[in-house]
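need coordinates for the following:
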Amino acid sequence: MKYVCFGYIEPGKFENMPESERNAMLDECFAYDDLLREGGHFIGGEILQSADSARTLIWKNGKVSVTDGPYCESKEHIGGLLMLEARDLNQAIELMSKHPGVRLGTFEIREVRDRTEILRVSEKRRAEVVRV
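Presented below is the predicted three-dimensional model:
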C-alpha cells in the first residue's frame, strides 16, 4: 500500500536553527530516506518552499478565487511530503516513527486511495458523452 506522509513544521523553526544543526538534521533525514529506499519503502519525497509562497485556489461564486498562503490558519505548515510503500498503516507508522524529521514537528500519514476503478468509471462516462 502507498502512503503519503505530510511533515508539518512551525514557521521559522528550521530556518532559525544554527546552520550546523540544520545540516546535521538534513543529513540524518536523507540517510534515513536511503534506508527506506534500500528496504523498498521509499517512493519519493519533496521539501516544500515556505508557506508564504503558497497560493490557495477556492471555488467561490461560480469561479476560482486565488488567495495568498496556505488554506488553513494554523501554527504549523506543511514543510514536505514523503511517499512511502508499506504493507499496512501500522508498518507506515513504525517506519515514519524512526524518521528524524518527526523531531521537527508533526507527521500526518494517509493511505493513497487506489483510483483505478474510479478512473475506469469516469473514462466510461466520458466516452458515452462523446458518442452522444
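
this structure: strands as residue ranges?
Counting by DSSP state E, the segments of the chain that form strands are 2-9, 42-47, 55-60, 63-68, 77-85, 105-111.

switch those strands over to JSON lines; also include distance to residue 125, mean pLDDT and mean neighbour count.
Backbone N, C-alpha and C define where each C-beta goes, glycine included. Written out in JSON lines, the entries for the strands of the chain read as follows (distance: least, Cβ to Cβ, whole Å; pLDDT from 0 to 100; neighbours: other Cβ atoms under 10 Å):
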{"stretch": "strand 2-9", "distance to residue 125": "26", "mean pLDDT": "93", "mean neighbour count": "19"}
{"stretch": "strand 42-47", "distance to residue 125": "30", "mean pLDDT": "93", "mean neighbour count": "14"}
{"stretch": "strand 55-60", "distance to residue 125": "21", "mean pLDDT": "87", "mean neighbour count": "10"}
{"stretch": "strand 63-68", "distance to residue 125": "24", "mean pLDDT": "88", "mean neighbour count": "9"}
{"stretch": "strand 77-85", "distance to residue 125": "29", "mean pLDDT": "91", "mean neighbour count": "19"}
{"stretch": "strand 105-111", "distance to residue 125": "26", "mean pLDDT": "91", "mean neighbour count": "15"}
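
quick one: contacts for the nearest residue to residue 79 once chain neighbours are set aside?
The shortest distance from residue 79 to any residue that is not its chain neighbour, by Cβ to Cβ, 6 or more residues apart in numbering, is 4.1 Å, and that residue is residue 9. Residue 9 sits next to 76, 77, 79, 104, 105 when contact means Cβ atoms under 8 Å, 6 or more residues apart in numbering.

make TSV out of the residues you listed and add distance to residue 19.
Written out in TSV, the entries for those read as follows (distance: Cβ to Cβ, whole Å):
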residue	distance to residue 19
76	22
77	22
79	18
104	15
105	19
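
I appreciate the help and will end here.
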